[in-house]
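Visitor: From the sequence below, what's the structure:
(4 chains)
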Protein chains: 2
Amino acid sequence: MPSTTPPAPAFRTLPEPAGLPEPLPEPAVEDLRLETVLGVLSDPLRLTIVRKLLLESEAFDHTCGWFGLDRPKSSLTHHFKALREAGVTRQRQYGLERRSHVRVADLEARFPGLLALVAAWTPDSN
Amino acid sequence: MPSTTPPAPAFRTLPEPAGLPEPLPEPAVEDLRLETVLGVLSDPLRLTIVRKLLLESEAFDHTCGWFGLDRPKSSLTHHFKALREAGVTRQRQYGLERRSHVRVADLEARFPGLLALVAAWTPDSN
DNA sequence: GACACAGTACGAACTAAGTCGAACTTAGCA
DNA sequence: TGCTAAGTTCGACTTAGTTCGTACTGTGTC
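Guide: Numbering: from 1, shown residues only, chains lettered A, B, ... in the order given. Alright, predicted model coming up:
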């Protein structure tokens, strides 16, 4: 065989900085529900958000604005809240900004392999 | 370590019998969409159906009645159709009966690991 | 204090999805 | 021929979710 594909890099996580604000209310790891997580990920905009966090993170967490999504702010609030309440992302308040990151370890523990599918997803056909 | 957990049994597939009727209309493997599949699996009843097919199949495919679901027939038709149109199950008409089975190979090819999550799912909490 | 800014909360309008009864279709069988 | 059973189709209703405008909250800055 000419070249072997690497095992599964998929995505990486950045180390958690010290002295972070408390996360906003979210479900505990053991309360994560597969049907809820799948439901919240069955939306292209939210898949885009999670995928971008997994593959293109430049920092530990990111504000809504960083994603460059062309939707009214109230719509974005709605989707980021849905992701957090399903347990897919964690949000922290930094002064004015509210930053999100994916709960990689928690999701891998409960639903191993799910995030790799999100990372491999592409918006358009295919 | 006392005992190593087996790699990933998860579920098995039964061989396809010869001379089956043509499958009902369904998306091709390359047309399977992650967001659609996740959406159709974000329902406890449909997760129950797919999980039961994966873990408790007694034959290659099964009728709606086999599942023992306590819902009106028109509701069941709706859910089985949703699963088929999302590409999760394949349905064939045998005389009066319409039997379903999971498209294991197709789903594993497109979304590896997804079915293992469904197989590991449990209806109530956790 | 006044302002700009990031984001939320609320609510209304709209859309998609679930639920299910009733009527229909079709195969098998007596 | 007519019954029965498996399942569909249709339509009405209900529920849940999306979208987004407007008003609001809280922080930092001048």
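Visitor: Which single residue of chain A approaches DNA strand D most closely?
Guide: With C-beta to the nearest atom of the strand, the shortest gap between chain A and DNA strand D falls at residue A:74, namely 2.9 Å. For glycine as for every other residue, the C-beta is placed from the backbone atoms N, C-alpha and C.
Visitor: Secondary structure element for that residue, which one?
Guide: Using DSSP states H and E, residue A:74 sits within helix A:73-86.
Visitor: And for residue A:12?
Guide: Secondary-structure assignment from DSSP H and E places residue A:12 in no helical or strand segment.
Visitor: Would you quantify the distance from it to chain B?
Guide: 19 Å (C-beta to the nearest C-beta, to the nearest Å).
Visitor: picking that back up, in terms of secondary structure, what does the helix holding residue A:74 contact?
Guide: For helix A:73-86, the packing partners by 3 or more C-beta pairs under 8 Å, 6 or more residues apart in numbering or on different chains; DSSP states H and E come out as helix A:34-40, helix A:44-56, strand A:89-94, strand A:97-102.
Visitor: what residues does chain A put near chain B?
Guide: Residues of chain A that fall close to chain B, judged by C-beta under 8 Å from any C-beta of the partner chain: A:30-31, A:34-36, A:38-39, A:41-44, A:47, A:111-114, A:116-118, A:121, A:125-126.
Visitor: what residues are up against the residue nearest to residue A:44 when sequence neighbours are not counted?
Guide: Nearest residue to residue A:44 in three dimensions, chain neighbours excluded: residue B:35, at 5.6 Å (C-beta to C-beta, 6 or more residues apart in numbering or on different chains). Remark: with contacts taken as C-beta atoms under 8 Å, 6 or more residues apart in numbering or on different chains, residue B:35 is in contact with A:41, A:42, A:43, A:44, A:47, A:121.
Visitor: ok, 10 Å please
Guide: A:38, A:41, A:42, A:43, A:44, A:45, A:46, A:47, A:121, A:123, B:86 (C-beta atoms under 10 Å, 6 or more residues apart in numbering or on different chains).
Visitor: Leaving out sequence neighbours, find the closest residue to the fourth one.
Guide: What that stands for is residue A:43. Nearest in space to residue A:43, with sequence neighbours left out and distances taken as C-beta to C-beta, 6+ apart, is residue B:35 at 6.6 Å.
Visitor: Per-residue pLDDT of that neighbour, please?
Guide: Note on residue B:35: pLDDT of 97.
Visitor: picking up where we left off before, give me the number of residues near the residue of chain A closest to DNA strand D?
Guide: Applying other C-beta atoms under 10 Å in any protein chain shown, we find 7 residues neighbouring residue A:74.
Visitor: hang on, isn't residue A:37 packed against residue B:47?
Guide: No. Residue A:37 lies out of contact with residue B:47 (C-beta atoms under 10 Å); the separation is 11.7 Å.
Visitor: Common neighbours of the two, please.
Guide: Common neighbours of residue A:37 and residue B:47 (C-beta under 10 Å, 6+ apart) are residue B:117.
Visitor: Centre of the chain to the helix holding residue A:74, how far?
Guide: Distance, stretch centre to chain centre, for helix A:73-86: 12 Å (C-alpha atoms, centre = their mean, to the nearest Å).
Visitor: What's the end-to-end length of stretch A:21-40?
Guide: Terminal residues of stretch A:21-40 lie 25 Å apart, using C-alpha to C-alpha, to the nearest Å.
Visitor: Quick one: distance of that stretch to the chain centre.
Guide: Centre-to-centre, stretch A:21-40 and its host chain are 11 Å apart (C-alpha atoms, centre = their mean).
Visitor: ditto for stretch A:24-42
Guide: 12 Å.
Visitor: circling back to that earlier point, what angle sits between the helix holding residue A:74 and strand A:97-102?
Guide: 40 degrees (axes from the mean of the first three to the mean of the last three C-alpha atoms, to 10 degrees).
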